[in-house]
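In: Could you work out the structure for the sequence below:
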Amino acid sequence: MKAAFLLLSIFSLLFSCATGSIYIAVEEKDAITKNFSDPNLKEKHMLTESVMKEIYSRFVSLGANFVKEGLGVMPLLDEKGTRMYYLKVLVRPKELKFDVNTTDPQKRFSQVVHIYLPNYLKGIKGEDLLNFDGLTFGIYWPVRDFSQCKDYGGFIEYAHFSLPKRELLQFLAGEKGLEEVLKVSEVLVSFNLEPPKSVRIEF
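Out: All right, here's what the predicted structure looks like:
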C-alpha cells in the first residue's frame, strides 16, 4: 500500500498543475556558463563572451528561453581523441509543448527535428562559429497532461544536436539540406525521463 501511494504521489506531481522545478534562465547571467575549472575553457569563454551575449539577445527576440547555463563553450572529443570546442546553445521555445495523451516520444521528436530545429537554427549566424569547431544545439520541451494543465507540470524531454562546423556553415549558406548535416552529426536524446542516449536519425 505504501509503494502504491508513493507511485500515485509521483504520478500526481508529474501531471498536475504544480509549477515544479524551474530550469529556465530568467536573465542573461543565468544563461551563460561562466565558471570553468579548466583554464583553456575559461580562455575560450573570455574570447567569445561578446558572441554569447549577442546570441542570447537574438534568441530571446525569437521567443526562445534558455536552459540555465545553456549558452557557452562545450568541449568534445572527435573519433581520434582530439579535443574540440563547440558552441553550446540549449533553448526551450515558449510555444513548444506536447500532450502526453496524444503523442509518443517518436512523434514529439519528429516534430522537433522537422519543424523546430530548422526554424531555430536560423538564429545562428556563420560568424558566431568563428572561434568554434561546431555547434551543440539543444531543444527542450515539456510533456504534460493537457486535460489537467497545459502550462505547468509534466516532465522535460530534450535533444542535443552536435553539428560539425563545415556542414553547418554549408546549411546556413543554403548549400546543404539539414538532412545531410544530421547524417554526420551526433544526436543525444532523453525521452520519458529516461537516461540520455545516442540515436541515429532516419529520413
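In: Counting neighbours, show which residues of stretch 128-136 come out buried.
Out: Buried positions in stretch 128-136, judged by neighbour count with 16 or more other Cβ atoms under 10 Å: 128-129, 132-136. Yep, even glycine has a C-beta here, placed from its N, CA and C like the rest.
In: As PDB, could you dump the C-alpha coordinates of it?
Out: Only the C-alpha atoms of stretch 128-136 are listed here, as PDB (Å, rounded to 0.1, in the frame of the first residue of the first chain):
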ATOM      1  CA  ASP A 128      29.100  33.000 -34.300                       C
ATOM      2  CA  LEU A 129      31.200  29.900 -35.100                       C
ATOM      3  CA  LEU A 130      34.400  31.800 -35.800                       C
ATOM      4  CA  ASN A 131      36.200  30.500 -32.700                       C
ATOM      5  CA  PHE A 132      34.500  27.100 -32.500                       C
ATOM      6  CA  ASP A 133      34.700  23.700 -34.200                       C
ATOM      7  CA  GLY A 134      30.900  23.200 -34.300                       C
ATOM      8  CA  LEU A 135      27.600  23.800 -32.600                       C
ATOM      9  CA  THR A 136      25.800  21.700 -30.000                       C
END
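In: How about residues contacting that stretch?
Out: 44, 47-48, 51, 54-55, 73-74, 76, 84-90, 124, 160-165, 168-169 (Cβ atoms under 8 Å, 6 or more residues apart in numbering).
In: about what we covered before: wait, which of the buried residues of stretch 128-136 is closest to Arg108?
Out: Of all those, Thr136 has the smallest distance to Arg108: 20.0 Å, by Cβ to Cβ.
In: ok, and what's touching the lengthiest strand in the chain?
Out: For the chain, the longest strand by residue count, based on DSSP state E, is strand 64-77. Strand 64-77 has contacts (Cβ under 8 Å, 6+ apart) with 23-25, 30-34, 36, 38, 41, 44-45, 48, 52, 55-56, 59-60, 83-94, 120, 123, 132-134, 136, 138, 140, 162.
In: Please repeat the previous calculation with a cut-off of 6 Å.
Out: With contacts defined as Cβ atoms under 6 Å, 6 or more residues apart in numbering, strand 64-77 is touched by 23-25, 30-33, 41, 44-45, 52, 83-86, 88-93, 136, 140.
In: for the chain, what spans make up the strands?
Out: Going by DSSP E, the chain shows strands at 64-77, 83-93, 98-99, 134-144, 155-164, 186-190, 197-199.
In: coming back round to it: ChimeraX command to pick out the buried ones of the contacts of stretch 128-136?
Out: Here is the ChimeraX command that selects the buried residues among the contacts of stretch 128-136 (16+ other Cβ under 10 Å):
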select :44,48,51,55,73,74,85,86,87,88,89,90,124,160,161,162,163,164,165,168,169
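In: can you point me to the longest helix in this structure?
Out: helix 39-61 (DSSP state H).
In: wait, what's in contact with His45?
Out: Here His45 is in contact with Val73 (criterion: Cβ under 6 Å, 6+ apart).
In: quick one: low-confidence parts of the chain?
Out: Where the chain drops to pLDDT under 70, the residues are 1-22, 203.
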